[in-house]
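Q: give me the fold of what follows.
(6 chains)
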Amino acid sequence: MNEQNIYMPYLMRIETVRDEAPFVKTFRLKFINEEILNRFTFKTGQFGEYSAIGEGESTFCIASSPTLKGYIECTFRQTGKVTNALAMKGEDDVIGFRGPYGNFFPIHEWKNKNLLFIAGGIALPPLRSVIWNCLDLRNDYKDVTIIYGAKTVDELIYKHELKTWDERSDVKLVTTVDPGNETPEWKGKIGFVPTVLDEVAPSSENTVAIVCGPPIMIKYTFPVLEKLGFTSENIFTTLENRMKCGFGKCGRCNVGKVFVCKDGPVFTYKQLKELPQEY
Amino acid sequence: MNIENKLLKLSSLEGLVLKLNQDGKQVFAPVKKDNIVNFAPVSAFHEMTQDYIVTARSAKFVVFPRVETILEMQFSKDNITLKDKDLSSIPDAVLLGTRPCDAAGFKVLTSIFEGDYIDNIYVTRLKKTTIISISCNNYDAKCFCTSVNVHPGGTAGSDILLTRIDNDNFLAEIVTEKGKEIVNKFDTLFDIAPDVNKDSLVANVPVEFDLSAILGKIYPRFESDIWVEQSLRCIGCGTCAYVCPTCGCFDIQDVSDGHNGQRKRSWDSCGFDLFTLHSSGHNPRNTQSKRWRQRILHKFVYVPEQDNILGCVGCGRCSRACSVDMNLKEHLINLIGELTK
Amino acid sequence: MSDFQPKIVAFVCTWCTYAGADLAGTSRIKYEPNVKIIRFPCTGRIDYMFLIKAFANGADGVIVSGCHPNDCHYVSGNFHARRRWIVFRELVDFLGMDVNRLCFSWVSAAEGAQWAKIVNSFTEEIRQLGPYKAYMELVKKDKNESVF
Amino acid sequence: MEKPRIGVYVCWCGTNIAKMVDVEAVAEEIKNVPNVVVSRNYKYMCSDPGQDMIINDIKEFKLNRIVVSACSPRIHEITFRKTLKKAELNPYLFQMANIREHDSWVHTDRAEATKKAKALVTAAINRINYHEPLKELSVDINPATLIIGGGISGITAALEIADADKKVYMIEKSNKLGGYTADIDLTYPHLSSVQQMLGPMIERMKKNKNIDLFLETEIKEITGYIGNFETIITPKNDNETKLSFGNIVVSIGLRSWDPSPLENYGYGKFPDVITSVEFEKMLLSGNIAKKDGSIPKNIAIIHCVGSRNKNYHEYCSRTCCTVALKYANQLRSAFPNASIYELFADMRTMSKGCEELYTITSRKKVVFMMFDQENDLPGIRKANINDNCEMIIELNEKRSRKFVEVPADMVILMVAMEGREMVKEVAQITGVSLDGNKLFIEKHPKLDPVATTTSGVYTVGSCQGPKSIPDSVSQARAAVARILGTIARGTAQVAGTTAHININICCGCQMCISVCPYSAISFDAEKNVSVINEILCQGCGTCVALCRPNAIDIWGCSNRQMTAELTALLLSD
Amino acid sequence: MDSIRKRARELLEKNTVKVVIGYGVGSDNTVRAIFVRRPEGVEELIFDETCVQNLAVYLLKNEIKQIGKLCIIANISALRTILQLASEHQIHEEELLCLSVTPNGELLEFTGFKDIENYISSCNRDLPDKESEMIKKLEKMSVDERWQFWMNHLSRCIKCYACRSACPMCYCTRCQVEYNQPQWITVEATLMGNFEWQITRTMHLAGRCVNCGECARACPEDIPINLLNYKTVLTVKEKYNISAGTNANIDSVMSSFESDDKENFIR
Amino acid sequence: MIERVDATLVNEIEKFGKGGWNDCFHCGKCTAICPLTEQEFLFPRKSYNDIQMGLKDTLVSSFEPWLCYYCGDCSKKCPRNANPGETMMILRRYLISVYDWTGLAGLFYSSLPALIFALILVAISIIGIGFIKQFNTESIMDFGHHFEKFAILGVASLILFPNIIRMFWYTVIKGKIKAPFYAYIKGIWDLILHMFTQKNTLKCEDNTFRWFEHFIIVIGYLLLLFTTIFLNWFSTENAFIIWLGYIVAGVIFIFTFDFVLGRIKKNKEINKFSHPTDWMFVIWLFLLALTAFIVRVFIDTDLINNNLWLYIVHLIILAQWAILIVPFGKWTHFLYRSFAIYFAQIKKSALIKNIAAN
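A: This is a model prediction of the structure:
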C-alpha cells in the first residue's frame, strides 16, 4: 500500500484483452513497477479499484487465481462511464489499480470438502478466481461441482474455460441458460439456476456452496441450498455494492453495520442472515 | 497534556488575527454575508461576526473541502503519469470561532479518515489547522449538544477554547500542543488566567432526550415503519449532509481534458438516491426512508460501534438548513418514543 | 487587440448551413479561418449544453446556424431550436454572459456568400470584444479550485 | 467497444487542398494523437488507389476506425463508407474532416489554413473514438403499394406496378381518374391529343385485376413504416376496408391558383378574363368564344399569374409558358386574323421541342411583350366604346420601357400551380415534409428526387414540384422502379443513425413525442416510458436536445461524440 | 381551517382518500408538510397565508404514492404545479383530489383538472413584487455587473441540490447533472459547475416553472436562484404568451412552436 | 396619349420585305455589336420592338433605321437569324413610303407590277415625245437637256422637299423633339458633310472599301449630273469637259458593275437580300453611265445621227431614273439619311438639354 496517498493507484499495463461475451471483456494486467509486481499478493475473493485514468474508478473483483503470478485479471461488463472507457483500452494501454481490498474466501478451511460453485451471469469472475485457486490445489478438495447459468448462450462468459472445466474429469460442470434462449446447438441445461441446482446438486454432506450472482438469483438460491441440507455457515457468497474508495470511507457500501469493502465482500449466508436487506 | 488556562483580551484578538495572518496562516472565522453566517477567510478580527449561534455550514470544509484534488494526471500518446497530491502545498490555517460542537465534529471526521487506511490528505489538513473555538453563551431551539454528550463549553476537538468571561475578556483554555504553539508564539497577547467558574459562563443547553435510550437500541428496529413515517416529508436533497460537521461521505470523480486531469474527491450525501445505485440498476437503498434510516443509523449506530464515538454533535445545522423542517432533535425524541413502546 | 485571433466554433445543421459553407468553398469565397464548424443533423439537435461546453473549452464566440424557418429538412427542428435559443439567450444574458458572443443565424444551402459574411462579421465582432476573459476565469477557478 | 485503432488519411485533392494546406505536416502531426495507428497523405483519397490504400491498411494494421480528411462529407462520405464496407468494417466507423470546402478553398493564409486543418482532423479523430458500429435495420416488404392520387403520374405508377403483377391500391379523392390531365386538350410541344392517350390508360386501370380502385375516398391515417404500412379507408358506398401495403406513392398533384387576389387582372370582375384551366376546357369543348358567344378579335395571354411572385408563389410553375405558346398556336389556327398578345415576365420554355415551339409561335404574328413581375404588373380596365375592344390592358413594357395599351376581348391568365387543399394532411399522414411552398420535399433534390426522407414513401408528379406530363410520367416510372426493386429484394435497409431511449432514465414526460415530426416516438404506458420506432426515426435529434434527463441519444451523433469533437476542436486550436 | 379539517375528516373516514397531504405546525412555530392518514389526525391541519410550501412536490414521491389515493391541500402554486404535471403526464385525474381555500376562506374542492384550470384562470399568477423588482434591477445592470452579482452568489453554492429536490417539476428519474457520458456538468461545486448547473436547471424548467419559489426557499445558502426561473417565466410569457400550470392538456413550451415565433437576434 | 399596341402593323411592314422580326427574342446581341448604336439610339433591337408591338407612331418618328448603314454585322451575329440588317432596310423602305405624300413610293415598293408599269409608261412617253419631235436628233437632244433640268427641279420641289417636310413633321414635331434653335444651325454642317461623305459608314467594321466605292459613285454621280446638265456634255466641243464626262461615266459604270456583280454573287451580308428596287437602283445607275458613255462615243464618232435610238434609250433610262427612282426609290436614302442624321443630332441636343434641365 502506498504510504503517502491511499487513493493513489498503481499503474498497470494491459497484456491481453479478451472478449468474453457482448460487452464483457477480460483484461490481463501487469504492474509496470517491477518492485510492486514482485511484492503484490492477494487472496481469492478480494477486489480492487480499477481506473480508466481521466474517467474514473470502478470496482471489480480480481478474477484470476492468486496462484498465478505476474499478472492479475479482471472481467467487467460495460455499463457506465468508467467501464466504457476501460473497454476502449487495448493491449499495452495503461490503467490504474488500487487494491487488493476486502476479505477473501477461506479456502484453507474447506480442505477435504466437496465444493459446489454456483454462479449466474456476470458474477462468475469472483468464483473463477476461487475455482482456479481450488483446482490448483485440487488434491485438497473432494468433488468439485460448478453450476453456471446465464440468460443466453451468448452471455455465458469464459467460454474457453467452461470448455476446459467440462473436459476435466475431476470437475463436474453444469451450464444452463434461461428457458427460451437456448440455441439449436446448446447442449447444456435449460432453466434458471436455482431450479437446475435443485436438479443436479450434490449432497450437502461435507460440502461447501459458494454462490455468486445477481441479487435475485441469490435470493432464490439460498432457500434451495438450505432445502438441500446446506447449513448457512457452509454457504458462501460475495457481495457487490457501489463503492468509491474501497476502504470504508466513502460511506456507501455498507450493509447495516458492515462495510462490504472492508468486512466483505465474502460473507457466509449465516452472516448475511444477520444483516439487513441492504444489498 | 494538561489543559492550561490563559486570559485573552478581546482587544488582543484583533492582534492575534493579524499576526496569524502575517504568520502565513489563513484565518477562517464566522462572517455574516447576505444574512447568513459562514466561515470565511478574514484578515482582521472585526470582520468576524459575534452574532451567531452556529454557522450555517460547518467548518469541516477547511480540513475536508467540498472539492479536493487527490491526485493529478498527465496524458501523452502512449503514457500516463500520475502526480501525487503535494501535501506540502496545503496551507496552514486557523479556525477561529468554531463552537465546541464543531470542534467535536472533527473528532468524528478524524475517526472516519483515520483507521486502517489513513487518509493523509485529511490528516495533513487537520494537522495544519489550529482550531480556536469559542464556547457558546447562547443556543436556540435546534441545538441539542448536551443531549449527545457535547458540552457548550467542551474542549474536545479544539486546540484552544475561548470562553467569554465578560465583554472584554476571554478565558483561553490551551487544549493541545498545537494550541500551545500559538500561545508561545504570540505570548504577549495572552495573560494569566483569572479564576473563573467556566460552567457559569457558558450557555445552559437543556438535555432534551436520554441518549442511552437510543444507543444500542436502534439497530433492532431496522425494519420499523418509523423510518417511512419520519421521512415522508423528506425531499431527498443533500443539504443536511453538506452542512453537517460530521458527514464525511464523498464521491471520487476524474476530470480530464485529454491532456491533463485531476482525480477529485467531493462531498456526497447518503440522501441522494444515486449514492448507492448499482450499475446494474439495482439500488439497495432505493427509497428515501431507507436513506433516512441510513443517515440516522450512521450517526447513532455505525460510527459509534466502529469508531467508538457518536456521529452526531448536536449542532442542529441539518434541522436549520432543511427546507421541509426535518428536525433531527424532534425525530430523535420521536424515535425514543417508538423504541420505548 | 487586433492581433487577437478568436476561437469560434459553429454548430450548424448539415442540410442548410453546412451545405451553404460547402457552397462558399466551391465558390471560393474567402473568409476568416477562425470559425470551425461542427456538423449536426439539424439545429433541433443542438443542445444548449454544447454552447456552454464550447465556452468552457475556451471558445470566444459561438455561431449556431441552420435552415431558414419553413425550410427544415426535418420539418420543424429549426422552429424548436429557435424557441430554445430565445429562452437560452435571454437566460444567459440575465446571468451576465455576453450574448454578443453568441451568433444565431439562418443560412441556407444556397447562401455561401451569406455564410462568409456572417463568419467575417462575427469574427470581427469577437475580435473587437477580445478574449472571453470572464468565462475563462470561471474555467480557471474550476481547474485550480481554492485550496479549501 | 474495443480499443480504437484509427487510420487517418489526409487528401491532397490534387492541388485543391495541398496548395493551401501543408498536408504532409498535418498527417505527420496527427500521428501524435492517441489511438492513431496510421496517418497518411495521398493525392486523391477518393481514387481507386486511395481507397485501396485504406482497405489494405485496415487489413494490415487491424484498423477499426477511419478518418478521411478531404472534401465535404456531403460529397464523399458515401464513397468511403462503401470502402469500409468493402474492407468488412462497419461503415459508420468513419468520419470525414472537411479541409477543402471549409478550409483550403476559403482561406488565403497557408499557415492558418494548415492550423485549422489540424484542428479539424484532430476533432474528427477524437470524435471517432466514440463511434459505434451501427446496424442498418432490415424490414420485410409487403409487395402491395398504395397510390394516393389518380392523376397521370398516379395512373402511370399504378399500371407499371400492376403490370409487374403486384398489388396496387389507388385512392382518388374525386370521382374520376386522370386529374388535371383529363382536362387537357392537346399536349405541348407536339399538339397531340391527350384524350387519345389517357383514355386507354384509364380503361386499363379499370380492367386490371391487380388494381383496387377507390374513388371518392380519402385517407385519415397511415400507420407503420416501410414495408409494413397500414390504413383503414372508408370508400363511398362501401364498408370500412383495411389495407396493408409496403410502399406509398404520393401523387396528389397540384391545383390551379385562384387569381382573384391579383385584383389588377380583374378575374371575376370581367367575364372574359379567364384562367388557363378554364381556357383549356374551352379548347377541349372545341368552342372558343367570349361569354356573350361572340368571337374574340384580340386575345391576350398573361403569364406568371401568381407564379414567381413574392406575395403568392415564389416558384416558377414551369409549364405555363409553354402552355401559353400552345394556346397561341391553337388560337392562331382557330382565328387566323385575330390579334394575339402574350404578356410574359420571362419566357421559360425548357424541355425538348419547347423552344422550337416558341420560335414557331413567334412566326405566327403573336405579339410578345414583357412585363416587370417584381414591380409593375399589367392592369386590365374596361375599354371605351370607340376602342373597338372589350378591355384594355395597361402594360409597362419592360423591354421598350414604354407604357402601352393592349386591346383585348379575351384575357387568359396563366395561373400558378399550388399545393392542394389537403396537402398538409397528406404530408402529415405520410410523414413527408413540405417545403414553404407546400411542395413535398424530396430526399435529395439532385440524387434522389422521387424518394422522401420517410423510407417507403415516394412523391411523384406535380405535388413534388410543378411538372409537365412527360416529367410526371418519368418520375412515376422512376419511383416504380425503386419500389419494384425493394419488393424484389423483399427487405429494405433503414439507416442506422436513429435516436434511442434509455428506458431506465426516461421519465415519461412525453415531450419527445410532441416534437417528433415523424411520429416515430410512442408511449409505452405500462413501463411509463417513450419508445422510438427506429424505422420511422429519421435521426433529426430534436428529441435528443429536448430530453431533460438525456434519456435519448442518437446513434452517429451522440452527445459523447459531439462533445469529444468539440473539446478536441477547441483544445487543439 | 375548520372546513378543511371537516372535509379531510370526511374523506378519510369514508376512505375516499388514504392520505391527506397538508400543512401543519412544525418546529419553532413554522409551517411544515404533514401527512394525515387517520381521521383524528386532521386536527393538526392548518391553512393560512404562511402555508407557502408547494406540497405538490410530494405527489410524485413513491412512498407517498404507494399509500393510495391522495388528497392534497393545495395553494395556488401547488394547483398550478398539478396542472403542469398533468400536462406532462406525470399525474392523472383519478389519482388525487385537491382541496384549497380561497383568500376569503371558502373551501374549494377540485375533482378534475378542468376545475383547477377554471379556478387558476381567475387567480393572480404574477411574480411576487420583490422578485419582479429585483429582476428589473438586474436587467438594468451592465452585463459585467450582472456577472459579478451571480458569481458572488454562485460561489456559495455547495451543490446540495436542495433546489432540485424542492422543485416539484424536477421529477426526472435521472437528473442531467448525473449524466456522465459525456460529463455535461462539472461534478464538483466549483464556480463553473455551479454556473452550468443553474443554467441547466433553469433551461429545464423553462416554460414549466410555476414560480412557486421553492428552489430559493430550499437553498441553504440563500442564493436567489428563483430569479433565474422567474426570468424565464417572464420570457416565455412575453415571447409566447404562455404561462405554465394553466392548462393540463397542452404541449410544453419547449416541445411546441409557432412558425412565427418572434425574435430579432437571428441573423 | 398612350400608344396602342397593334398586332396588324406587321402586315403593313411586311409589304416592304420579309424581315425576321418574328424571330427576334430580344437578346440584344445586335445592339451590342452594332458600331453605330449609341446610348440614345439603340438599334436594331429597339426597332424590332416597335415593329413587333405595332407601335406605328414610335416607328415613324424614329431615326434609327436611317442611322444604319447596313454593314450586316448584326445579321451575321443574330442567334435567331432574325436578320436585323435587312429589317432596318425594310424599315427604311417603309419610312420612305410614309414620308412620300404621293403614295407612289409605297406602291412601287410593295408592287413590282406597278413599278414595271410605271417604267414602261415612262419609256413609252419618251418614245412618244421622240415621235412628236419627229426623231430629230437636235431637238430631241435639246429636249433631253431641258428635261433633265426640269425633272430635277420638279422632283426636288414637288416631291422631295415636301417629303422632307413630312419627315420633319413625323419625326421632330410628332416625336416631340424640342431643341433650341441653335441646334438646327449647328447641325447643318453635319447634314452636308454626311450627305456627301456618308462618313458614318467608316464606323462600320471592314467597310472602308465599300465606303470608298460609295463615295466615288456619289461624287461621280454628282459630277455626271453636273457635266450633263450644266456643262451640257452631249453638246459641248470642249475637250476637257468631254474627257471629264468620259472619266466620270466610266468610273460610275465600273463601280456600279461591281455592285451589281456583288448582288449577283451575294457574297456579302448586305447583298444577301435584294429587293427589286435595290436591283433597279444599281442597274439603272449602271445603265445610265453606260448609255451616257456610249452616246458620247457615238457623238464623237458622228454616228449619233444614224443611231438616234441610242440616245432615246439613254433618255428613257434617264427619265425613269429621274422620275421614278430619284423621288420614290432608293436614291432618297441619300437625302433622308442625311436629314435623319441632322434631326437625330438635334434630338440628341434636346435630350442633353432635357437632362441638364432636370
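Q: CA atoms for contacts and neighbours, from now on please.
A: Fine.
Q: following element in sequence after the helix or strand in which residue A:97 is found, please.
A: Secondary structure assignment for residue A:97, by DSSP states H and E: strand A:94-101. Remark: after strand A:94-101, the chain's next helix or strand is strand A:114-120, criterion DSSP H and E.
Q: give me the contacts around that next one.
A: The contact list for strand A:114-120 (Cα atoms under 8 Å, 6 or more residues apart in numbering or on different chains) reads A:127, A:131, A:141-150, A:193, A:202, A:206-214, A:217.
Q: and the helix or strand following that strand, what does it pack onto?
A: Next along the chain after strand A:114-120, taking DSSP H and E as the criterion, comes helix A:124-136. Contact here means 3 or more Cα pairs under 8 Å, 6 or more residues apart in numbering or on different chains; DSSP states H and E; on that basis helix A:124-136 packs against strand A:114-120, strand A:207-212.
Q: returning to what we had before: tell me the strands beside the strand holding residue A:97, with direction?
A: strand A:10-21 (antiparallel), strand A:47-52 (antiparallel) (DSSP bridges).
Q: buried deepest among those strands, which one?
A: strand A:47-52 (a mean of 24; mean count of other Cα atoms under 10 Å in any protein chain shown).
Q: quick one: mean pLDDT over the helix or strand following that strand.
A: Using DSSP H and E, the helix or strand that follows strand A:47-52 in sequence is strand A:56-61. Throughout strand A:56-61, pLDDT has a mean value of 92.
Q: could you do stretch F:41-51 as well?
A: The average pLDDT for stretch F:41-51 rounds to 87.
Q: what's the answer for stretch A:7-19, then?
A: The model assigns stretch A:7-19 a mean pLDDT of 92.
Q: do stretch D:440-456 as well
A: Stretch D:440-456 shows a mean pLDDT of 82.
Q: same thing with stretch B:144-154?
A: Averaged across stretch B:144-154, pLDDT comes to 91.
Q: tell me how far stretch B:128-146 lies from the chain's centre.
A: On the basis of Cα atoms, centre = their mean, to the nearest Å, stretch B:128-146 sits 10 Å off its chain's mean C-alpha point.
Q: now check it, is it near chain E?
A: Yes. Counting by Cα under 8 Å from any Cα of the partner chain, contacts between stretch B:128-146 and chain E involve residue B:141.
Q: that stretch close to chain C?
A: No. Stretch B:128-146 lies out of reach of chain C by Cα under 8 Å from any Cα, never closer than 11.4 Å.
Q: in that stretch, what's buried?
A: Going by neighbour count (16 or more other Cα atoms under 10 Å in any protein chain shown), the buried part of stretch B:128-146 is B:128-137, B:139, B:142-146.
Q: helix, strand or coil: sort out the closest residue to residue C:72 other than its chain neighbours for me.
A: Spatially, and ignoring its direct neighbours in sequence, residue C:72 is nearest to residue C:78 (6.1 Å; Cα to Cα, 6 or more residues apart in numbering or on different chains). Residue C:78 carries the three-state label helix when classified by DSSP: H, G, I helix; E, B strand; the rest coil.
Q: let me see the contact set for residue C:78.
A: Residues near residue C:78 by Cα under 8 Å, 6+ apart: C:42-44, C:66-69, C:72.
Q: chain F versus that one, what's the distance?
A: Noted for residue C:78: a distance of 43 Å to chain F, by Cα to the nearest Cα, to the nearest Å.
Q: dump the contacts of residue C:78 into TSV; add pLDDT as well.
A: Listed next are the contacts of residue C:78 as TSV, based on pLDDT from 0 to 100:
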residue	pLDDT
C:42	93
C:43	94
C:44	94
C:66	93
C:67	89
C:68	88
C:69	85
C:72	81
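Q: ok, those residues vs residue E:177, which is closest?
A: residue C:44 (21.2 Å; Cα to Cα).
Q: measure how buried that closest one is and give me the count.
A: Residue C:44: 28 surrounding residues under other Cα atoms under 10 Å in any protein chain shown.
Q: ok, now which ones touch it?
A: Residues in contact with residue C:44 (Cα under 8 Å, 6+ apart) are C:76-81, D:540-543, D:545.
Q: just residue D:141 next, same as before
A: Residue D:141 sits next to D:226-228, D:246, D:486-487, D:490-492 when contact means Cα under 8 Å, 6+ apart.
Q: correct me, but residue D:515 touches residue E:252?
A: No. The criterion here is Cα atoms under 8 Å, and residue D:515 misses it with residue E:252 at 10.0 Å.
Q: distance check, the residue of the stretch 51-200 of chain A found nearest chain C against residue D:159.
A: Residue nearest to chain C within the stretch 51-200 of chain A: residue A:54 (13.9 Å; Cα to the nearest Cα). Residue A:54 sits 64 Å away from residue D:159, going by Cα to Cα, to the nearest Å.
Q: tell me the domain ranges of the chain?
A: This is for chain A. A:10-101, A:107-238 (automatic domain parsing).
Q: switch to chain F, please.
A: F:9-99, F:104-350.
Q: just the terminal-to-terminal distance for the longest one.
A: In this case it means domain F:104-350. One end of domain F:104-350 to the other measures 33 Å (Cα to Cα).
Q: mind checking what secondary structure residue D:395 has?
A: strand.
Q: can I assume it is in contact with residue D:373?
A: No. Judged on Cα under 8 Å, residue D:395 makes no contact with residue D:373 at a distance of 11.3 Å.
Q: so these two - more neighbours on which side?
A: Legend: neighbour count by other Cα under 10 Å for residue D:395 and residue D:373, higher for residue D:395 (23 against 20).
Q: ok, and the closest non-adjacent residue to that one?
A: residue D:378 (4.6 Å).
Q: surely the one you found is in contact with residue D:392?
A: No. Here residue D:378 lies out of contact with residue D:392, judged by Cα under 8 Å, at a distance of 10.2 Å.
Q: before we move on, the earlier item: so among the contacts of residue C:44, where is pLDDT lowest?
A: residue C:76 (85).
Q: so what's the residue count around it?
A: By the criterion of other Cα under 10 Å, residue C:76 has 27 neighbours.
Q: could you dump the domains of chain F to a markdown table with mean neighbour count?
A: What follows is those, written out as a markdown table (neighbours: other Cα atoms under 10 Å in any protein chain shown):
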| stretch | mean neighbour count |
| --- | --- |
| domain F:9-99 | 21 |
| domain F:104-350 | 18 |
